[in-house]
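Engineer: Build me a model:
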Amino acid sequence: MIDISFIDFLRDLTNPHLDFLARAVGISLIAAIVCGIIGCYVVLRGMAFIGDAVSHAVFPGLAIAFALQTSVLLGGAVAGAVVAVLIAAFSQRNHVRADSIIGIFFAAAFALGMVIISRTDGYSASLTSFLFGSLTGVSRTDITVAASVCLVVLAVVVAFGPQLNATCLDRETARAMGLPVFALDIILYLCVTAAVVISVSTIGNILVLALLITPAATARLLTANLTTMMFLSAIIGAVCSFFGIYLAWAIDLPAGATIVLTLTVLFLIVWALHPFLRSRRKPGHSSPRVPANASENTPRKETIES
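Structural biologist: Predicted coordinates for the structure are as follows:
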């Protein structure tokens, strides 16, 4: 039962006594934009597992930061970055599949976090909010850090967009073209880490994968153009995050879980309508297209057309 109307929710956002709510909405929108954009690369490369791995890899960093009474966001960022670089490095060899490497580090990082928190007194209440999200756990500093990270990630996507597009379409061809695939993998993994870290405050460490994957997958059903897909993914994530927090506030539900369920409902609606939407496309729109930002030399062996 919804106890608070949408108009009352908007009033609460401007209430100075409930400023934590506005901060929660703000960081959720920022996280949705970053995750929406980076999530497109994650979805198109079929590397959803790396998002799951990084989201769990930040856990030992959160635990160490909590034990040392320092910034948990900084701790999570360092831990996630270390694991992301290790995964990228170990994945360059073909002796073991990349998904196996990811699974090994994913489990090891989470296990390390469990060992650390088991030796730390008084961790449960604070770390629970980072595992499952919390509306009250966002500070003004978190907003500033998240906004700064968002700008950096957007700058990286603009600067390395064509190269990331090429590796996204075909890694082997990109390597044959002379592109630094290993360095580009690290850049992408670090961007995923940044997206995960700034999202844990409201949606939680466990559910952050949904914010990274679901908006991009939904946008993937609506367009065959990567630039448009990124734009739609960011909009979908932001809108669903906003209404997810509203529902969580109005019905007294966990914020992270409500955002994820809102995203999932929208995905299911678009998925159900997808065959009808495809049948309505003009013939010229059904042909495969490469990402708009890709150069003329971008490999065309694979496209994002479904």
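Engineer: what does stretch 52-61 rub up against?
Structural biologist: 72, 75-80, 82-84, 87, 102-103, 105-106, 109-110, 112-113, 116, 131, 189, 192-193, 196-197, 200, 205-206, 208-209, 212 (CB atoms under 8 Å, 6 or more residues apart in numbering). C-beta coordinates here come from the backbone N, C-alpha and C atoms, glycine included.
Engineer: Write a ChimeraX command that selects only the buried members of these.
Structural biologist: Per 16 or more other CB atoms under 10 Å, the buried members of the contacts of stretch 52-61 correspond to this ChimeraX selection:
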select :72,75,76,77,78,79,80,82,83,84,87,102,105,106,109,110,112,113,116,131,189,192,193,196,197,200,205,206,208,209,212
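Engineer: In helices, which of the contacts of stretch 52-61 fall?
Structural biologist: Counting by DSSP state H, the part of the contacts of stretch 52-61 found in helices is 72, 75-80, 82-84, 87, 102-103, 105-106, 109-110, 112-113, 116, 131, 189, 192-193, 196-197, 208-209, 212.
Engineer: Output the strand or helix carrying residue 173 as CSV - backbone C-alpha positions only.
Structural biologist: Using DSSP states H and E, residue 173 sits within helix 171-176. C-alpha atoms of helix 171-176 as CSV (Å, rounded to 0.1, in the frame of the first residue of the first chain):
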residue,chain,number,x,y,z
ARG,A,171,39.1,-8.3,-29.8
GLU,A,172,41.3,-10.3,-32.2
THR,A,173,40.7,-8.0,-35.1
ALA,A,174,41.3,-5.0,-32.8
ARG,A,175,44.6,-6.6,-31.8
ALA,A,176,45.5,-7.2,-35.4
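Engineer: Same question for it: list its buried residues.
Structural biologist: Residues of helix 171-176 classed as buried by neighbour count (16+ other CB under 10 Å): 171, 173, 174.
Engineer: Closest one of those to residue 160?
Structural biologist: The closest of the buried residues of helix 171-176 to residue 160 turns out to be residue 174 (CB to CB; 12.1 Å).
Engineer: My read is that that closest one contacts residue 164, right?
Structural biologist: No: Residue 174 lies out of contact with residue 164 (CB atoms under 8 Å); the separation is 9.5 Å.
Engineer: So residue 276 versus residue 240, what's the distance?
Structural biologist: The gap separating residue 276 from residue 240 is 22 Å, by CB to CB, to the nearest Å.
Engineer: Settle it for me: which of those two has more neighbours?
Structural biologist: residue 240 (27 against 8; other CB atoms under 10 Å).
Engineer: for the more buried one, phi and psi?
Structural biologist: In terms of degrees, to the nearest 10, the main-chain angles of residue 240 are phi -70, psi -30.
Engineer: what does residue 139 give?
Structural biologist: phi -100, psi 170.
Engineer: quick one: the spatially closest residue to it that is not a sequence neighbour from residue 30, how far?
Structural biologist: Nearest residue to residue 139 in three dimensions, chain neighbours excluded: residue 23, at 7.2 Å (CB to CB, 6 or more residues apart in numbering). Here residue 23 is placed at a distance of 11 Å from residue 30 (CB to CB).
Engineer: Repeat that for residue 18.
Structural biologist: Using CB to CB, residue 18 is found at 19 Å from residue 30.
Engineer: Could you report the neighbour count for residue 182?
Structural biologist: Neighbours of residue 182 under the rule other CB under 10 Å: 14.
Engineer: From what I see, it and residue 88 are in contact.
Structural biologist: Yes: in this structure residue 182 lies within contact range of residue 88 using CB under 8 Å: 6.6 Å.
Engineer: Check the gap between the residue nearest to residue 85 when sequence neighbours are not counted and residue 84 for me.
Structural biologist: In space, and not counting its chain neighbours, residue 85 is closest to residue 186: 5.9 Å by CB to CB, 6+ apart. Applying CB to CB, the value for residue 186 to residue 84 is 7 Å.
Engineer: what's the answer for residue 187, then?
Structural biologist: 10 Å.
Engineer: can you check residue 243 too?
Structural biologist: According to CB to CB, residue 243 stands 31 Å off from residue 84.
Engineer: anything in contact with each of residue 23 and residue 30?
Structural biologist: Residues touching both residue 23 and residue 30 by CB under 8 Å, 6+ apart: residue 143.
Engineer: Which pLDDT value goes with the residue nearest to residue 32 when sequence neighbours are not counted?
Structural biologist: Computed as CB to CB, 6+ apart, the closest residue to residue 32 that is not its neighbour in sequence is residue 237, at 3.3 Å. What the model reports as pLDDT for residue 237 is 93.
Engineer: what's residue 237 in contact with, if anything?
Structural biologist: Counted by CB under 8 Å, 6+ apart, residue 237 has contacts 31, 32, 33, 35, 36, 39, 211, 214, 215, 263.
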